[in-house]
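coords please:
(chains A and B)
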Amino acid sequence: MLRGCAGLLRSWALRGPKRGRSFSSEVLHVDHSLPNPSWNEDMRLLFDQFMKKSEDGSWKRLPSYKCNPPERIEDVKIFFPDAKLLKEQMSQAQQFPRSLGEGVGFEYAMFHNHVEDRTVCIFQGGPHLQGVPGFLHGGAIATMIDSALGMCAILTGGIAMTANLNINFRRPIPLCSVVVINCQLDRVEGRKLFVSCNIRSMDEKTLYSEATRGGPEGGGSAPCDVIISVDYQDWSQVLWHLKLAQFKKFKKKNANLCINMSFCLKRGKKPQHAAAAVIWKTRSLPSGLCRQFTRSASRLHP
Amino acid sequence: MIRRGFQAAVRLGQHRALFGGPQVLPRLNLTSAFGSSTDSLVSRFCPEKTDLKDYALPNASWCPDMLDLYQEFLEKTKTDGWIKLPSFKSNRDHIQGLKLPSGLAVASDKSDWRIFTRCIQVEGQGYEYVIFFHPSEKKSICLFQPGPYLEGAPGLIPVGSLAVLNVHVEKIEDQKLYMSCIAQSRDQQTVYAKCSGIFLQLQLEEESPQ
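Have a look, this model is predicted:
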């Protein structure tokens, strides 16, 4: 009976009362970083330009969903063991920039260049993001900057949260116009990732805003001890095995052990080769453990 | 925890940078136009009797803490000089009869444009907030209850959590307002965010009669 109630609650939460029709769970896994009827000409033009640049593999379009993916939820459970992740709340929650209807809020798509290590976000602010009449709300601009810089940080160092955000608003952004947010990683200091960005018009002639963001990776209080770099063919399999094995084995011994993994594509004869950078964070990591992890990782290589 | 409110310093560019150079604009001195009393300014920008819908009123989604504090401040509006700010669909509704300076005026005003903090219209899912301000002491309090549609990192905003934002005007230099804000829990034991900002006062003009 409880399962039935939970199912009812989930389907009710997934329904959009604003629109008066029900959504299935598939709708929440729709990739919203793709053109839709609300995108104006400028937005489509920019999108096509970046898709063309993605053809040689240097740029990659990043998908974007209404709900946090399960991996992100698992990461939060590791870093915030006290967080009460209530089931009903999780089923209702939506990623903020994707919680508004099509065309009225944040319409954006992000692209990442792994060679130059920078992220670009093309953004069209809709009519429900108004501040001063006719212009984009400062908070909406801050939301978009935080999302873009956050993505840049996550792609570099794994899950991260904002600790500090500085924004200079140079010019007001007209509502329903299209801007380009250029983000880059400036430096890494231990767990802190310093990223910065600027917001420019399409033709790059007008500078609207500049921002810098600092944030510690992980969210826990453990320092970074070791970075191990290994080559794999199938990175997703490796990540899963390593994460599961280490988490189970060491969680009891060291409650603060958390595994933060990121990967980048290596250029070479086979583009699918991935180099997984495994960052181990723990209060006290025995020196022999590094060699052990490296050996177990290479055993997974087919 | 509120994802978007950690330590943030927001600075606006200089007046000249906004308009590309000094301009002579017909300036409307609000104090002389409406009399020097705060009451007349408040009645102009925060009309009580209006057909416009006020979103800063209690609804079913408000948590008990928020309702308590709301009642507490509502009492203070009668005795201690606090004023409850109405919250309309658009900032334009607050400046009826006035218009922005010519550099910022927008030709057409679309009726479907809404203020960002009222973008999520489903009760309890987005920003639920009410602002009380004290004109003579130049401070404000905002009672803010974030909803599940404001999520960043999953699950970190517990349902029914309340943040109290205390805003102070630190100083005023010509048109620049230096302000600071602390976002805390109701019992002030947890500090969520501290921030500061510089806001530029815009010179409004009377709309030409049509």
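
what about the residue in chain B that chain A sits nearest to, how many residues close to it?
Nearest to chain A, among the residues of chain B, is B:Val106, at 3.0 Å (C-beta to the nearest C-beta). No exception for glycine: its C-beta is placed from N, CA and C like everyone else's. For B:Val106, the count of nearby residues is 16 (other C-beta atoms under 10 Å in any protein chain shown).

now A:Val179
A count of nearby residues for A:Val179, using other C-beta under 10 Å, gives 26.

for A:Arg189, give its distance to chain B.
Heads up, residue A:189 is Glu, not Arg. 16 Å (C-beta to the nearest C-beta, to the nearest Å).

next, give phi and psi for that residue.
phi -130, psi 100 (degrees, to the nearest 10).

tell me who's in contact with the spatially closest residue to B:Asp93 that is not a sequence neighbour.
Once flanking residues are discounted, B:Asp93 sits nearest to B:Leu52: 5.3 Å by C-beta to C-beta, 6 or more residues apart in numbering or on different chains. Residues near B:Leu52 by C-beta atoms under 8 Å, 6 or more residues apart in numbering or on different chains: B:86, B:88-89, B:93.

coming back round to it: OK, contacts around the residue of chain B closest to chain A?
A:133-135, A:174-175, B:100.

so how do I select the buried members of those in PyMOL?
Buried residues among the contacts of B:Val106 (16 or more other C-beta atoms under 10 Å in any protein chain shown), as a PyMOL selection:
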select buried, (chain A and resi 133+134+135+174+175) or (chain B and resi 100)
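
hey, what's the most centrally placed residue in chain B bridged with?
In chain B, the centroid-proximal residue (C-alpha atoms, centre = their mean) is B:Ile131; its distance is 6.8 Å. Beta bridges link B:Ile131 to B:Leu85, B:Cys142, judged by DSSP bridges.

now do it against B:Lys49, distance only.
To B:Lys49, B:Ile131 is 19 Å away according to C-beta to C-beta, to the nearest Å.

longest helix in chain A, by residue count?
As assigned by DSSP state H, the longest helix anywhere in chain A is helix A:138-157.

right, I mislabeled it, should have said chain B
Per DSSP H, chain B has its longest helix at helix B:64-79.

how far away is the closest residue to chain B within the stretch 51-200 of chain A from B:Val106?
The stretch 51-200 of chain A approaches chain B most closely through A:Gly134 (3.0 Å), counting by C-beta to the nearest C-beta. Distance of A:Gly134 to B:Val106, computed by C-beta to C-beta: 3 Å.

shared neighbours of these two, which are they?
Common contacts of A:Gly134 and B:Val106 (C-beta under 8 Å, 6+ apart): A:174-175, B:100.

out of the residues you listed, who's nearest B:Cys63?
Comparing the shared contacts of A:Gly134 and B:Val106 against B:Cys63 with C-beta to C-beta places A:Leu175 closest, at 32.4 Å.

quick one: B:Gln201 and B:Glu207, what's the gap?
19 Å.

helices and strands of the chain: which one bottoms out on pLDDT?
Picking chain A for this. In chain A, the helix or strand scored least confidently by mean pLDDT, DSSP states H and E is strand A:224-232, which has a mean of 34.

let me rephrase: I mean chain B.
Bottom-ranked secondary element of chain B by mean pLDDT, DSSP H and E: helix B:15-19, a mean of 36.

which residues in the chain form strands?
Here I'm looking at chain A. For chain A, the strands defined by DSSP state E cover A:59-62, A:106-113, A:118-125, A:164-169, A:178-189, A:192-201, A:207-216, A:224-232, A:258-265, A:274-281.

that's the wrong chain, I wanted chain B
Ranges of strands within chain B are B:7-12, B:83-85, B:98-99, B:127-134, B:139-146, B:163-173, B:176-184, B:191-200, B:205-206, based on DSSP E.

and those strands as TSV, adding distance to A:Asn182 and mean pLDDT?
Below are the strands of chain B laid out as TSV (distance: least, C-beta to C-beta, whole Å; pLDDT from 0 to 100):
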stretch	distance to A:Asn182	mean pLDDT
strand B:7-12	20	41
strand B:83-85	37	91
strand B:98-99	34	78
strand B:127-134	29	93
strand B:139-146	29	94
strand B:163-173	31	94
strand B:176-184	28	94
strand B:191-200	24	92
strand B:205-206	36	78
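
of all the ones you listed, which one is nearest A:Leu62?
strand B:7-12 (24.5 Å).

how about the strands of chain B in a markdown table, adding distance to A:Glu204?
A markdown table is the format used below for the strands of chain B (distance: least, C-beta to C-beta, whole Å):
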| stretch | distance to A:Glu204 |
| --- | --- |
| strand B:7-12 | 22 |
| strand B:83-85 | 39 |
| strand B:98-99 | 31 |
| strand B:127-134 | 33 |
| strand B:139-146 | 35 |
| strand B:163-173 | 33 |
| strand B:176-184 | 29 |
| strand B:191-200 | 25 |
| strand B:205-206 | 33 |
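
among the ones you listed, which comes closest to B:Ser43?
strand B:83-85 (10.2 Å).

for the closest one, the distance to its chain's centre please.
Distance of strand B:83-85 from the chain centroid (C-alpha atoms, centre = their mean, to the nearest Å) equals 10 Å.

name the helices or strands packed onto it?
On a contact count with 3 or more C-beta pairs under 8 Å, 6 or more residues apart in numbering or on different chains; DSSP states H and E, strand B:83-85 meets helix B:64-79, strand B:127-134.

contacts for that strand, please.
When contacts are defined by C-beta under 8 Å, 6+ apart, strand B:83-85 is touched by residues B:42, B:46, B:56, B:73-74, B:77, B:130-135.

what's the burial count for B:Trp172?
For residue B:172 the amino acid is Ile, not Trp. Burial of B:Ile172 is recorded as 12 neighbouring residues (other C-beta under 10 Å).

A:Ala148 now?
Neighbour count for A:Ala148, taken as other C-beta under 10 Å: 25.

ok, it to A:Pro97 distance?
As judged by C-beta to C-beta, A:Ala148 and A:Pro97 stand 10 Å apart.

what's the overlap in contacts for the two?
By C-beta under 8 Å, 6+ apart, no residue touches both A:Ala148 and A:Pro97.

these two touch, right, B:Cys46 and B:Gln96?
No - taking contacts as C-beta atoms under 8 Å, B:Cys46 lies outside contact range of B:Gln96: 11.7 Å.

so between those two, which is more surrounded?
B:Cys46 (17 against 13).

about what we covered before: and the least confident of the contacts of B:Val106?
Minimum pLDDT for those is recorded at B:Leu100 (80).

list the contacts for that residue?
Contacts for B:Leu100 were tallied using C-beta under 8 Å, 6+ apart; they are A:132-134, B:106, B:202, B:204-205.

now with 10 Å?
With contacts defined as C-beta atoms under 10 Å, 6 or more residues apart in numbering or on different chains, B:Leu100 is in contact with A:132-135, B:91-92, B:106, B:202-205.

show the backbone phi and psi for it.
According to degrees, to the nearest 10, B:Leu100 has phi -70, psi 160.

how much space separates it from A:Gly131?
12 Å.

name the residues contacting each of these two.
With C-beta under 10 Å, 6+ apart as the test, B:Leu100 and A:Gly131 both reach B:Asn91.

relative to A:Gly103, which of the shared contacts of A:Gly134 and B:Val106 is nearest.
After measuring the shared contacts of A:Gly134 and B:Val106 against A:Gly103 - C-beta to C-beta - the closest member comes out as A:Leu175, at 12.3 Å.

now do the contacts for the closest one.
Counting by C-beta under 10 Å, 6+ apart, A:Leu175 makes contact with A:124-137, A:140, B:106, B:110, B:113.

how many other residues sit next to A:Leu165?
The tally of other residues near A:Leu165 (other C-beta under 10 Å) stands at 24.
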